Each structure stands twice: as structure tokens, then as C-alpha cells.
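A.B. asks: Mind looking at a prediction? Sequence and model below.
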Protein chains: 2
Amino acid sequence: MPEQIDPWKNFDVKDYDGICKQFGIEKFPYKEMKNAPVFMRRGLVFGSRDFSSILKCIKNKEKFVMLTGLMPSGKFHIGHKMVADQIVYYQSIGAEVYLLVADIEAYNMRDKSLEELKKIAVEEYLINYIALGLDLKKCDFYFQSGRSSDAKKSNAYYRLIGQIARKVTANEFKAIYGDLHPGKMISSFTEVADILHPQLPEFGGPKPVLVPVGIDQDPHIKLARDVAARMKEFNFIPPSSTYHKFMKGLSGGKMSSSDPYSYIALTDTPEEVKHKIFKYAFSGGQDTVEKHRKLGGNPDVDVAFQMLYYMFEPDDKKIEKIREEYKTGKLLTGELKQVAVEKIISFLKDHQKKREQARKQVIKFWNKSA
Amino acid sequence: MPEQIDPWKNFDVKDYDGICKQFGIEKFPYKEMKNAPVFMRRGLVFGSRDFSSILKCIKNKEKFVMLTGLMPSGKFHIGHKMVADQIVYYQSIGAEVYLLVADIEAYNMRDKSLEELKKIAVEEYLINYIALGLDLKKCDFYFQSGRSSDAKKSNAYYRLIGQIARKVTANEFKAIYGDLHPGKMISSFTEVADILHPQLPEFGGPKPVLVPVGIDQDPHIKLARDVAARMKEFNFIPPSSTYHKFMKGLSGGKMSSSDPYSYIALTDTPEEVKHKIFKYAFSGGQDTVEKHRKLGGNPDVDVAFQMLYYMFEPDDKKIEKIREEYKTGKLLTGELKQVAVEKIISFLKDHQKKREQARKQVIKFWNKSA
């Protein structure tokens, strides 16, 4: 287990319970979440910090913010959908959504211009968020490189980055992030400012803020919580967070935007879905039909099963039946994959129609903000 | 001689010619400057980088920017006046003046809130700049903590800070500034953004920019020039700079805002001026009148003489007469100090009247920007 987490390195977690203990992360109280997305009640969201203050807001219909960021890189895939579903869910239960494009971070890490990054963010990501149910009108969507068209808000946000820098020492930064690269430092302080700024006077003052992240982003969360406590002048409430596991890539490894055969994109055609699942999806089944009938498959490592379990088969009875039949060898690998393919194609057909409607909204947004 | 210059440490220069050679600084062509302030033609401005492009703009009446910053700390004194006189001079010969308040830098170095720093900047500094001749209407006066009331301009300025961070490595930063403190890093990149941002498209595109500084600020200039060359996308012209010596403090050491007996403030009363000059101003005269008559005084180390030479006696014949008479012992220390006191009191009387008029303009500005 690592001594520290580097948010800029791939981080393959094997032991989530161990991670929770080591880093002081609490369990995520998924039973309290009504009408939650299927992956949430099935354990993909496993941990949290200070989630009780968010639960209280939900129960009492009090104001809270849900903030999340997107890194504009490559195709929008079902790993991104899992994050988008959380945004849509929290918006539906009363959260004010802050949705940021980490274009300064992307700019500092990758070889793309801010203009290109903006285009990817809007055309690739935003269009899919809307098609997945995001209400853009109730959402504060912004770019790190240009916070707001209201100068008072923009100035307050960027000012906060400088104020945060005063509260962090070089040694502390190094202990958290491993080194002191200038671009990384600006990115981190910008992330921390993203997390804290909804509580600035210019944004309505102190309020609970929830940030759902992968475990690799926990360093930003911890730094934001520490800095919040040090900035007495603002009365910041320490931000809350939830932690989700990542959807596995098709081959069982990491789902990566740079490898199209590691994911199903939300723009994939039925043929591509079929091809990717049958050819690349890691199987928990046996080598031969005979062996499979006799020994059964392992749904826990089977990527097609995982996709059904966490995303495409919300019916608890049906998914347990599939699990049973696969484990006992009644359901063959090819048959399991066929079930997944049909579910995914059916979802994508509907989604791609919604994308066309979303495109109109996005074009309007793009013209307004360009 | 130091291997590198730390802009955050006091830096006492003994050998200006050596510094110029070591750091590749050219002589300042003071003879080309018509109607220049007295200290400029008498050598207080000693060096420059790329000043020929500024001279060309002056001669051809082409657009150029003069940018300088103020650090809001304590009373406005005659050391600050020397900088203010340069601003007013360059404005009078056609420069578009950018005047920034380094409040993020001050905030990261000192124990004051941004609100307090803003108050000092406006009430202590701006009021004196205007009384000294600054035309506020032709000046872009801004705070690092809130660049503009135009969000497009603000966003572009703050975006540039993040873009600059990508162009600088940790090793390079350490080589220039000695360490990697996060607050210092944000301050430096903000300084570099200050110097470069007048050339952004949102501010009218590439143009020559002149930054008059003390030698201690040269690291920011060099970094800005290096980074400008690396940011191909903006076609930045490498910024130009001039270097001035500092006015000596009353006791012959550094003039320091934190020691009221090291300076004459522009709000000092005639009694304070008399008291400070007679009691604290370092004298180049001899211990006794007899010795002084015989051996004469040393004007080069005499603070009262330096004040007359660089600021309060612009008449070349008169100042040379004073120098001669002091060197030969004809003019006594007390007499020399009396000449300085009278000149300073006369200047301050006039200046303090102008301050009252300036106050009205500043109140208007304060209300508009608050």
C-alpha cells in the first residue's frame, strides 16, 4: 500500500478497506440514498469524508453544493458516465451543481492549447452530460481558465488561489504531492480554490460542499480541508467528499482515454460495441464450453458482468440470476457477453438520440461563452 | 558579489559597474531623455535592458507601455517619490501607464489582510502619485487580487499566470529564487504575468513594455524575458527594463518603511523634516568646524547633499557650487543641512496642498472600485 497518493499517477487499488483505514475514510452510507444510481447502491461509491453534513442538507432540504471537475481528454466513455450519473443524481435531490473544466490542469500536463481543450470539453463532455440528464440552467459550468463573466466572481476566485498559496508550505506540498513542479503547484492550488470558492462571499458564503472523487484525488480533498480550517477569515465549512472505485477497462485493467479498446465510448456504434465486448472484454469464464459447464465462471473478474452489475442491469433479481447462472456454468461467456451487448446497444441508441437534442443546447452555450 | 539576486532580500550594491557586467545590463542612455527628472540625468538610473526599442517608440511617437508596481507598506517617502517621478515622466512622453498594487505579493509576505493593503495602496500611495502629477485617467491602476472590472481582461490575466507556470521548471525557479516556497512561486508568476499581460490580445496585443526597477527586481525581469520568448503563441516582445539605484536612508543605510527615522515622508511636517535632517542625516563633514574649514566635507557620502543632488536642487550650476564649497570647507555641515531642509520643506508645503486636491479624485476612485 502506498505511503502517499499521487493524484497525477495511475493508482491501482486492490484493498479498498485497507485504504479507508489508512487514510481515515469513512464508509459511504449508500442505504440512506433514495433512488440512487445502481452503481451507488452496489458499492462502487465506497467511502466518504464528512458526508453526514450533506445527508442533513438532503433531509432538511437545505442548500448544498456538489462540485466536480472534468479533464478534457479524448472520448467520453462509460467511466465518465458514472461520474455524470452522480452529478445528475445530486442535482435531482437538491444540490446546486458546480461543474468545472480543469483546463489549466490539462494545459499544464498535456500538449494542447486552451482553445482545443475548450472545444473537447464542450463538444465531447458537456453534450453527453446534458444527454444523461444534466440541467444546464441549474448548473454553474465553468473553465478554470476563465471563471466567470462576472468580474467580481472571477477576481474572488483567482484571488483565492493566491491566498491559498500563503497557507501551504513547500515541505507540506512536497509531502502531499511528491515534488514541487511549478505547473503542478498552480494546478493544485487551483483545484483547492475550485473546492473552496463556492463558500466565498461572492458565491453566497459558507455552505456544505460535496466533492465526489476517485481515491486518487484525495490529496486535493485533504489539502482543501486543511486549508479551509486555516483560512479563519472565510468561516469555510470543511468540504465533504465521496470516493468511487473506477469502472474497469475492457481488458480488466485501467480504462484509459488514450486506448479506444479499453472502453465503450458513448458515441460507439452497435458494431463497435459488439466488436469490443466480444473481442476485448476480459472474461471470467473457462477456456472451453465443457470446462465452463463443469466449473462455472467468475463474475467478480468478468468485465461484461461488471458492466451489467454497475450500470446496465438495475433489476436486482435479474442481475442475481445472471450471477448465479454464470457461476454455475449454466450461462456461457458468449451468452453473458450477448446480454451485455444488447443492454449497452439499447442504452446507446436512446442516448445518441438525446445527444442530438443536447447538441442544440450546447451550441447555444458555446456561442454565448465564446 | 552575489552569484544570484534574491528579490526578497535586501541587496546592498557597492559596485554598479560590476553588477552591470556580471548580469549583462547595458548603460542607461540618459542623454537621450529630454526633460528627464533630475535624478535620471544625474545617474540614479544607471542601467537598462533593450531600452533601444523604447527610445524608438518615444522618437516615433509609437505606442508603448510603462509598467510599475507598488508594494503597499507604510508611509510614502522620498524613495517612493523617485519611482513616482519616473511614472509621471514616462506618462508625459507618451507611455501608457500600468500601475499595479502588488497586494498578492504583500499578502503572501506580510501579516495584513487584502482589505488593509488596499486601503494603504489607495490612501497612502495613489494620493501621492496624483499629487506628484500622475494622470489617473490615462493610467491603468489595478490590484493583483482583482485585475479588472472587465471579466474578459481579468480572466486573460489570471489565465496567463497558469500558462507561465507551465513554462518554468522547478530547477529553474530554484536557480533564480533560491527556494520553492508556494507563496513565493505564486508571487513570482503573478509578477511575470504583470509584466507580460499588457501584450495579451485582450489588452491590445504585442507592444514594447518598459519596466523601471531596482536591481533587486532583475530576477523577475529576466524570468519574464525568458518566458516571453518561450510563449510563441502570443508573439510577446521581450520586455525592456531600466535599473535605478536606491535613495540612501537618512543614516546612510537603507531607506526602510518600517523605520520612520530612515526617511522623509511626504506627509512630514516642517518640524519633523528639520528634526530628522539635523539629528539623523549622515554627514560627510568633519567633527569640528576647525577641521571642516581645513579638510572640507565629503559630498559623496553626505545624505543631505545626496538629497539635493538627486532630487531637490535641479540647477546644475547651483548644485556644483554647493559641492565645491562643501568639499573646500567653505560650507559647513549645519549650513548644508539648512539648505536641504529649506528645499524639502518648500517642496512638501506645495505637495501637501496638492495632496488635498488629489484626495478628492482618490475618494471618487475608491468608491467606484470598492
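C.D. replies: On my side now, so go ahead.

A.B. asks: Strands of the stretch 251-370 of chain A, residue ranges please.
C.D. replies: With DSSP state E, counting those that start in this stretch as the definition, the stretch 251-370 of chain A shows no strands.

A.B. asks: I'd like to know how many residues surround the residue nearest to residue A:49 when sequence neighbours are not counted.
C.D. replies: Of all residues not flanking residue A:49 in the chain, residue A:241 sits nearest, at 4.7 Å (C-beta to C-beta, 6 or more residues apart in numbering or on different chains). Any C-beta I mention is one placed from the backbone N, CA and C, and that applies to glycine too. Close neighbours of residue A:241, defined as other C-beta atoms under 10 Å in any protein chain shown, add up to 25.

A.B. asks: Show the contacting residues for the residue nearest the centre of chain A.
C.D. replies: Centroid-nearest residue in chain A: residue A:83, 3.4 Å away (criterion: C-alpha atoms, centre = their mean). Contacts for residue A:83 (C-beta atoms under 8 Å, 6 or more residues apart in numbering or on different chains) come out as A:68, A:70, A:212, A:244.

A.B. asks: List the contacts of the helix or strand where residue A:225 lies.
C.D. replies: Using DSSP states H and E, residue A:225 falls within helix A:218-230. Identification of contacts with helix A:218-230 by C-beta under 8 Å, 6+ apart yields A:4-7, A:23, A:25, A:49, A:164, A:167-168, A:176-177, A:188, A:191-192, A:195-196, A:211, A:213, A:236-239, A:241, A:243.

A.B. asks: average pLDDT for it?
C.D. replies: For helix A:218-230, the mean per-residue pLDDT is 95.

A.B. asks: buried sites along it?
C.D. replies: Neighbour-count burial for helix A:218-230, with 16 or more other C-beta atoms under 10 Å in any protein chain shown as criterion, is recorded at A:218-225, A:227-228.

A.B. asks: Please read off the pLDDT at the residue nearest to residue A:326 when sequence neighbours are not counted from the model.
C.D. replies: Using C-beta to C-beta, 6+ apart and skipping residues adjacent in sequence, the residue nearest residue A:326 is residue A:297, 4.6 Å away. We have a pLDDT of 96 for residue A:297.

A.B. asks: How about the contacts made by the residue of chain A most remote from its centre?
C.D. replies: Farthest-out residue of chain A from its mean C-alpha position, per C-alpha atoms, centre = their mean: residue A:290, at 40.2 Å. Shown in contact with residue A:290 (C-beta under 8 Å, 6+ apart): no residues.

A.B. asks: Give me the pLDDT value at it.
C.D. replies: For residue A:290, the predicted pLDDT is 95.

A.B. asks: and the next element down the chain from the helix holding residue A:225?
C.D. replies: strand A:240-244.

A.B. asks: Show me what that following strand is packed against.
C.D. replies: Counting contacts by 3 or more C-beta pairs under 8 Å, 6 or more residues apart in numbering or on different chains; DSSP states H and E, strand A:240-244 is packed against strand A:45-49, helix A:78-92, strand A:209-214, helix A:218-230.

A.B. asks: go with 7 Å
C.D. replies: strand A:45-49, strand A:209-214 (3 or more C-beta pairs under 7 Å, 6 or more residues apart in numbering or on different chains; DSSP states H and E).

A.B. asks: Helix or strand, whichever it is, which one in chain A has the lowest mean pLDDT?
C.D. replies: Least confident helix or strand, chain A: helix A:103-109 with a mean of 83, by mean pLDDT, DSSP states H and E.

A.B. asks: That one: what's the following helix or strand?
C.D. replies: The helix or strand immediately downstream of helix A:103-109 is helix A:114-119, counting by DSSP H and E.

A.B. asks: got the CA coordinates for that following helix in CSV?
C.D. replies: Taking Å, rounded to 0.1, in the frame of the first residue of the first chain, the C-alpha atoms of helix A:114-119 are listed here in CSV:
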residue,chain,number,x,y,z
LEU,A,114,-6.7,26.1,-24.2
GLU,A,115,-8.8,26.6,-27.3
GLU,A,116,-8.6,22.9,-28.2
LEU,A,117,-9.3,21.9,-24.6
LYS,A,118,-12.4,24.1,-24.5
LYS,A,119,-13.7,22.5,-27.7
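
A.B. asks: count of neighbours near residue A:79?
C.D. replies: Residue A:79 has 19 nearby residues by other C-beta under 10 Å.

A.B. asks: now do residue A:295
C.D. replies: By other C-beta under 10 Å, neighbour count at residue A:295 equals 14.

A.B. asks: would you list every one of the strands in the stretch 1-150 of chain A?
C.D. replies: Ranges of strands within the stretch 1-150 of chain A are A:26-27, A:45-49, A:65-70, A:96-101, A:139-143, based on DSSP E, counting those that start in this stretch.

A.B. asks: sorry, back to before: please compute how far the helix holding residue A:225 lies from its chain's middle.
C.D. replies: Chain-centre distance of helix A:218-230: 19 Å, with C-alpha atoms, centre = their mean, to the nearest Å.

A.B. asks: what angle do it and strand A:240-244 make?
C.D. replies: Here helix A:218-230 runs at an angle of 170 degrees relative to strand A:240-244 (axes from the mean of the first three to the mean of the last three C-alpha atoms, to 10 degrees).

A.B. asks: quick one: buried residues of the longest helix seen in chain A?
C.D. replies: For chain A, the longest helix by residue count, based on DSSP state H, is helix A:333-369. Across helix A:333-369, burial judged by 16+ other C-beta under 10 Å covers A:333, A:336-341, A:343-345, A:347-348, A:351, A:355, A:358, A:361-362, A:365.

A.B. asks: Am I right that residue A:231 is in contact with residue A:167?
C.D. replies: Yes. Between residue A:231 and residue A:167 there is a contact at 6.4 Å, judged by C-beta atoms under 7 Å.

A.B. asks: So for these two, which sits in the more crowded spot?
C.D. replies: Taking other C-beta under 10 Å, residue A:231 and residue A:167 do not tie; residue A:167 has more neighbours (19 against 16).

A.B. asks: got any ranges where chain A has weak pLDDT?
C.D. replies: Applying pLDDT under 70 to chain A flags residues A:1-12, A:368-370.

A.B. asks: domain parsing for it?
C.D. replies: With domains defined by automatic domain parsing, chain A comprises A:16-246, A:260-357.

A.B. asks: So which of those is nearest residue B:111?
C.D. replies: domain A:16-246 (10.3 Å; C-beta to C-beta).

A.B. asks: Can you tell me the closest non-neighbouring residue to residue A:89?
C.D. replies: Distances taken as C-beta to C-beta, 6+ apart place residue A:37 nearest to residue A:89, at 5.5 Å, with adjacent residues excluded.
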